[in-house]
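K.L.:
After the sequence you'll find the predicted model.
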Amino acid sequence: MDLSPIQKDILITLITLYHQSSHSIKGEEIAEVLKRNPGTVRNQMQALKALSLVDGVPGPKGGYSPTARAYKELNLGDLESQFEVPIFRDGEKVKGVRVVELDFTTLCHPDLCQAMVRIIGSVKLFRVGDRVTIGPTPVNKLVVRGEIYGMDENQQALLFSVSEMISLPKKPIKHYMTSPLLTLPLDATLRDAVRLFTVHRIHGAPVIEDGSLAGIVTLSDIARGLDEGLTLDAPAARVMTTDVVEAPSSIRLYELVGRFKEREIGRVIVVEDGKPVGIVTQTDIIRVFPSL
């Protein structure tokens, strides 16, 4: 079956969006991703329906869904069992695109490292010169960054000049945390906190009450308290943060990175069986993979 380039783009985009959302996809959604006129997409959908490549779902929540024949026609196999490898441009995930293959075409050159990136989605969404990030991949948690220097529409591939590759650690955070944990009792004063920070050259410590985590005090908290008129003899609990971000010791380090970005925090308390056992800071993460 010979499909036109626009029909292939529409069909591939439909399949990608369908697997991202698990519901039928409207023609307007496909048109938005492809930067095409919605009327053009609707007209092509009629042809794809006639070829038994898509099914139409009626109703206000309806749209289109791919048929098994569509997967066979595009040699895509079973996407349900495949891990989604995303591609980002300027920090934003490119909607309707997933990476399925990364082939290094130039690896031994002393100055160049190039790759061909096969995608499910339209290569027309990209431009030469786009700086993109691929990954992480499912097995070795590889993240690849670089610049697009060409596109191959026949193979649905991007030609990619690699500037950086990072393999994110898969070990749990207990291998990277600082332990034993330096803590403050609930009745500690700001003076006690300053002394602990100075002796051990740290910038924050959890506050413990009866073996459980009550909060955390940082140098910034102490500075704020003093600025508000507190003395060094004031209880550290007056300035501590009670909304402390915790993480189980079994979580893997690369999974923890997102929490630092989402919560805009500098440290996470590691817990086992509900008890604090260690701490992971931004400094610890930067030490493991400094280019993030």
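P.N.:
Great, that's in hand.

K.L.:
What distance do you get for residue 140 to residue 133?
P.N.:
Distance of residue 140 to residue 133, given as C-beta to C-beta, to the nearest Å: 16 Å. All C-beta atoms are positioned from the backbone trio N, CA, C, and that covers glycine.

K.L.:
Tell me how this structure divides into domains.
P.N.:
Using automatic domain parsing, the domain parsing of the chain gives 5-74, 87-167, 173-288.

K.L.:
burial of residue 73, as a residue count?
P.N.:
Burial of residue 73, expressed as a neighbour count using other C-beta atoms under 10 Å, amounts to 18.

K.L.:
Could I get the full set of helices for the stretch 151-292 of the chain?
P.N.:
Counting by DSSP state H, counting those that start in this stretch, the stretch 151-292 of the chain forms helices over residues 190-200, 219-227, 253-263, 282-288, given from the N-terminal end onward.

K.L.:
Grab the longest helix from the chain for me.
P.N.:
Of all the elements of type helix in the chain, the one with the most residues (DSSP state H) is helix 5-21.

K.L.:
sorry, back to before: settle it for me: which of residue 140 and residue 133 has more neighbours?
P.N.:
When residue 140 and residue 133 are compared on other C-beta under 10 Å, the one with more neighbours turns out to be residue 133, at 18 against 10.

K.L.:
what does the helix or strand hosting that one rub up against?
P.N.:
Assigning secondary structure by DSSP states H and E places residue 133 in strand 131-134. Here strand 131-134 makes contact (C-beta atoms under 8 Å, 6 or more residues apart in numbering) with 85-91, 94, 99, 102, 117, 126, 143-148, 158, 160.

K.L.:
which residue packs closest to residue 196, ignoring adjacent ones?
P.N.:
With C-beta to C-beta, 6 or more residues apart in numbering as the measure, residue 205 is the residue that lies nearest to residue 196, at 5.9 Å, once sequence neighbours are left out.

K.L.:
Put the alpha carbons of the next helix or strand after the longest helix of the chain into CSV.
P.N.:
With elements assigned by DSSP H and E, the helix or strand that comes after helix 5-21 is helix 27-34. In CSV, the C-alpha atoms belonging to helix 27-34 read as follows (Å, rounded to 0.1, in the frame of the first residue of the first chain):
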residue,chain,number,x,y,z
GLY,A,27,-8.4,15.8,13.8
GLU,A,28,-7.7,19.2,15.3
GLU,A,29,-5.1,17.7,17.7
ILE,A,30,-3.3,16.1,14.8
ALA,A,31,-3.4,19.3,12.8
GLU,A,32,-2.0,21.2,15.7
VAL,A,33,1.0,18.9,16.1
LEU,A,34,1.7,18.8,12.3
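
K.L.:
Can you give me the buried ones in helix 27-34?
P.N.:
Within helix 27-34, the residues scored as buried using 16 or more other C-beta atoms under 10 Å are 27, 29-34.

K.L.:
How about stretch 158-169?
P.N.:
For stretch 158-169, by 16+ other C-beta under 10 Å, it's 158-160, 162, 165-166, 168-169.

K.L.:
can you tell me the average pLDDT over it?
P.N.:
Averaging pLDDT along stretch 158-169 yields 83.

K.L.:
Equivalent analysis for stretch 231-239, please.
P.N.:
Stretch 231-239 shows a mean pLDDT of 92.

K.L.:
What of stretch 92-102?
P.N.:
Here the mean pLDDT over stretch 92-102 is 81, rounded to a whole number.
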